[in-house]
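Chemist: Sequence and predicted structure are below.
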Amino acid sequence: MAQENSQPKGKRQPSAAFLKPVKPDEKLATIIGDQPLARTEVTRKLWDYIRGHNLQDPNNKTFIKADENLKQVFDGKERVSMFEMTKLVFNHVL
């Protein structure tokens with residue numbers, strides 16, 4: 001039998017690497033601002049921008065349609081999946 005922990009499980013703590021501030025380059029800064037942010041905040045601000053500009057594909061919400069600002073960050077691509085988006089965006093932080 002497995003022993004139960006006496007402490008209740010709480011909210012999972014994010015890794016310290018996600019909390020370390022990163023500085024957006026000039027292309028990403030046009031979307032989220034130029035202040036250093038934690039990686040989690042970069043993602044949150046990016047999603048705020050995407051939703052605010054109605055850039056999710058209405059037929060398949062896992063895809064993002066790029067406007068002119070996002071094309072700069074998405075290496076010129078018109079449409080990317082949300083998983084590819086994360087990879088492309090974090091190429092634009094220092």
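Modeler: Received, thanks.
Chemist: so residue 21 touches residue 36, yeah?
Modeler: Yes - A contact is recorded between residue 21 and residue 36 when judged using CB atoms under 8 Å, the distance being 3.8 Å. Placement of C-beta: from N, CA and C, glycine included.
Chemist: what's next to the longest helix belonging to the chain, contact-wise?
Modeler: Using DSSP state H, we find that the single longest helix of the chain is helix 39-52. Residues external to helix 39-52 that are found in contact with it (CB atoms under 8 Å, 6 or more residues apart in numbering): 14, 17-20, 22, 24, 28, 31-33, 37, 55-56, 64, 70, 85-86, 89-90, 93.
Chemist: And for the helix or strand that it is followed by, what's in contact with it?
Modeler: Helices and strands here follow DSSP states H and E; after helix 39-52, the next one along the chain is strand 63-65. By CB under 8 Å, 6+ apart, the surrounding residues in contact with strand 63-65 are 50, 55, 56, 57, 70, 78, 79, 80, 81, 82, 85.
Chemist: again, only this time at 10 Å
Modeler: Contacting residues not belonging to strand 63-65 are listed as 46-47, 50, 53-58, 70, 74, 77-82, 84-85 [CB atoms under 10 Å, 6 or more residues apart in numbering].
Chemist: quick one: buried residues of it?
Modeler: The neighbour-count check on strand 63-65 (16 or more other CB atoms under 10 Å) flags 63, 64 as buried.
Chemist: Next secondary structure after that strand?
Modeler: Secondary structure here is assigned by DSSP H and E; on that basis, the next helix or strand after strand 63-65 toward the C-terminus is helix 68-73.
Chemist: Quick check: mean pLDDT of that following helix?
Modeler: Within the predicted structure, the mean pLDDT of helix 68-73 is 95.
Chemist: From residue 30, how far out is residue 76?
Modeler: Residue 76 sits at a distance of 15 Å from residue 30 (criterion: CB to CB, to the nearest Å).
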